[in-house]
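[1] output the structure for:
(2 chains)
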Protein chains: 2
Amino acid sequence: MFTRIDHIGIACRDLDAAVEFYRRTYGFEVAHEEVNEEQGVREAMLRVSGTDDGGASYLQLLEPVRDDSPVAKFLERNGEGVHHVAFGTDDVRAASESVAGRGVRVLDAEPRPGSMGSRIAFLHPKDCGGVLTELVQSAEVRRHE
Amino acid sequence: MFTRIDHIGIACRDLDAAVEFYRRTYGFEVAHEEVNEEQGVREAMLRVSGTDDGGASYLQLLEPVRDDSPVAKFLERNGEGVHHVAFGTDDVRAASESVAGRGVRVLDAEPRPGSMGSRIAFLHPKDCGGVLTELVQSAEVRRHE
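    Sure thing, here's the model as predicted:
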């Protein structure tokens, strides 16, 4: 049901500088940029590799666009660094239900819009060994629903 | 030169409990376990998927085996959670030199032993936007050197 590391979410104060760092240092290129108003972030997806489930793994660089966004609060508490980890699934609703059935609190009862047209649900980090964890169903998979 | 997310390193206080959590919740299975005396950790590698460079992506669960290990100090400061991110390369020495040439401090001048016979080098998190970053050349690739 969980078939790839979809992405690693990294909080940064300056998205353009972070994009340039990852491009220059590792050669990772931007596949997509967007503003997610609901989450209060400007973000870039940098593709790292394809995965054997037909998907891909990305780095997701996140810059807050308002002071009360979760990523702004994360930066205030922790400084820049890894914000969350996301696992890819072909059915985020079934995956959420499965995880909830194992006693993990799902923060999004209803899956909501993520990067690049995906649907996502976050899990409570206290139920996941301190790791803020996201479940992702990519847009490609959604088209076959 | 950097062709996959090789693994996400996650610090935990109880390795067996963490392994059981990831198995039960997501279905990720242990591909390998070892004690790395040099780094003072007991670790498990959970395979998530194959990657299109011929490698794979793992979760690396890390439990300290002594109080003065870097992972023990991390847990003291931060609690459980993501400890580092590792990118796969086919030549860790050349990759280290390339990264150093871009002004990033490489903490291991000489690549050292990592999980499953790999060779690794860590980068200074202050030069990597707060992300403790590891470069990994897997044992499979080493055999062709």
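[2] okay, A:R66 and chain B: tell me how far apart.
    For A:R66, the distance to chain B (CB to the nearest CB, to the nearest Å) stands at 21 Å. The way it works is simple: take the backbone N, C-alpha and C, and place the C-beta from them, glycine included.
[3] you'd agree that residue is up against A:G40?
    Yes. Counting by CB atoms under 8 Å, A:R66 does reach A:G40; the two are 4.7 Å apart.
[4] okay, now the unreliable bits of chain A?
    A:141-145 (pLDDT under 70).
[5] hmm, 80 instead?
    Along chain A, segments meeting pLDDT under 80 span A:140-145.
[6] how about the residues of it near chain B?
    Selection of chain A residues close to chain B by CB under 8 Å from any CB of the partner chain yields A:1-5, A:8, A:10, A:12, A:18, A:21, A:24-28, A:48-53, A:57, A:78-82, A:85, A:87, A:99, A:102, A:104, A:125, A:128-131.
[7] now these: which count as buried?
    A:2-5, A:8, A:10, A:12, A:18, A:21, A:25-26, A:28, A:48-51, A:53, A:57, A:80-82, A:85, A:87, A:99, A:104, A:125, A:128-131 (16 or more other CB atoms under 10 Å in any protein chain shown).
[8] residue ranges for the strands of chain A, please.
    A:2-11, A:29-36, A:41-50, A:56-64, A:81-89, A:112-113, A:119-123, A:133-137 (DSSP state E).
[9] the closest residue to A:Y58 other than its chain neighbours and A:V85, how far apart?
    Sequence neighbours aside, A:H7 is the residue nearest to A:Y58 in space, at 4.1 Å (criterion: CB to CB, 6 or more residues apart in numbering or on different chains). With the distance defined as CB to CB, to the nearest Å, A:H7 ends up 8 Å from A:V85.
[10] just A:G54 next, same as before
    From A:G54 over to A:V85 (counting by CB to CB), the distance is 20 Å.
[11] OK, contacts around the closest residue to A:G117 other than its chain neighbours?
    Nearest residue to A:G117, sequence neighbours excluded (CB to CB, 6+ apart): A:A139, at 3.3 Å. By CB atoms under 8 Å, 6 or more residues apart in numbering or on different chains, the residues touching A:A139 are A:M116, A:G117, A:S118.
[12] one more: A:I5?
    A:T51, A:S57, A:V85, A:A86, A:F87, A:G88, B:I5, B:I8, B:V48, B:S49, B:S57.
[13] how about a cut-off of 6 Å?
    A:S57, B:I5, B:V48, B:S57 (CB atoms under 6 Å, 6 or more residues apart in numbering or on different chains).
[14] now render those as a markdown table, adding distance to B:K73.
    Shown next, in a markdown table, are those (distance: CB to CB, whole Å):
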| residue | distance to B:K73 |
| --- | --- |
| A:S57 | 29 |
| B:I5 | 25 |
| B:V48 | 27 |
| B:S57 | 27 |
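[15] right, I'll leave it there.
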